[in-house]
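Quick one, fold the following:
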Amino acid sequence: MFNRFFLLFFVVTFVTSCGPEPKFSKENLAEQEQAWAQMMEGHDVVMPLMNDLYQASSKLKALAEDAMVEASDFHPRAQEALANIEKAEDGMMAWMGSIKDSPIDSVRARYEDHAAVMAFIDKEKTDIEQVAENMQASLATAKALIQERTGN
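Numbering: from 1, shown residues only. I've put the predicted structure just below:
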């Protein structure tokens with residue numbers, strides 16, 4: 001009985017200790033998690049702007065329609081601002097789609113080394129920062145046009 005227990009213990013120990021080396025160290029995993037969290041903080045900061053963009057877009061569309069028959073440059077500027085809002089919204093949706101398709105675990109599975117995982121996260125962080133700039137700029141332009149037209 002003791003020999004069987006010892007043999008079973010030996011086999012289990014051997015099998016578990018001969019498994020593949022982990023791809024990433026604990027330090028690598030912690031660094032990746034921290035970088036991922038920082039990237040997602042960038043998203044969390046700008047996500048509420050989607051609602052602001054929608055509201056500004058709705059107001060600006062109505063104002064642009066009212067100004068279409070006037071002999072002023074408001075309508076074309078409003079149309080340009082609306083196009084920029086749409087581009088900003090599309091950029092945010094595209095970024096969210098790319099992250100949805102690549103959660104951190106699938107990124108780790110796709111890349112063989114820590115540097116490649118970090119490069120992916122860094123690129124996505126840069127991308128969301130650009131999305132944020134586009135959203136903020138298009139929102140500021142829309143608000144300025146609304147202010148110009150309504151005085152509010």
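
how about the helices in this structure?
2-17, 26-46, 49-67, 74-100, 104-110, 114-150 (DSSP state H).

got TSV for those, with mean pLDDT and mean neighbour count too?
C-beta here means a position set from N, CA and C on the backbone, and glycine is covered the same way. As requested, the helices of the chain are arranged in TSV below (pLDDT from 0 to 100; neighbours: other C-beta atoms under 10 Å):
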stretch	mean pLDDT	mean neighbour count
helix 2-17	55	9
helix 26-46	93	15
helix 49-67	92	16
helix 74-100	93	16
helix 104-110	90	14
helix 114-150	95	17
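
measure the residue lying closest to Ala56 once chain neighbours are set aside to Glu129 for me?
Nearest residue to Ala56, sequence neighbours excluded (C-beta to C-beta, 6 or more residues apart in numbering): Ala142, at 4.0 Å. Shown here: Ala142 relative to Glu129, a distance of 21 Å by C-beta to C-beta, to the nearest Å.

And the contacts of stretch 142-152?
Contact with stretch 142-152 is made by 53, 56-57, 59-60, 63, 67, 74, 77-78, 81-82, 85, as judged by C-beta atoms under 8 Å, 6 or more residues apart in numbering.

what sits against the nearest residue to Ile99 once chain neighbours are set aside?
Residue nearest to Ile99 in three dimensions, not counting chain neighbours: Glu124, with 6.5 Å by C-beta to C-beta, 6+ apart. When contacts are counted by C-beta under 8 Å, 6+ apart, Glu124 touches Met39, Trp95, Ser98, Ile99.

can you pull the contacts of the residue lying closest to the first one once chain neighbours are set aside?
In this case it means Met39. Nearest residue to Met39 in three dimensions, chain neighbours excluded: Lys125, at 4.2 Å (C-beta to C-beta, 6+ apart). Counting by C-beta under 8 Å, 6+ apart, Lys125 touches Ala35, Gln38, Met39, Gly42.

Turn those residues into CSV, columns for distance to Asp113.
Rendered in CSV, the data for the contacts of Lys125 read as follows (distance: C-beta to C-beta, whole Å):
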residue, distance to Asp113
Ala35, 15
Gln38, 20
Met39, 19
Gly42, 24
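
Just the closest of these to Met135, please.
Using C-beta to C-beta, Gly42 is the member of the contacts of Lys125 that sits closest to Met135, with 11.4 Å.
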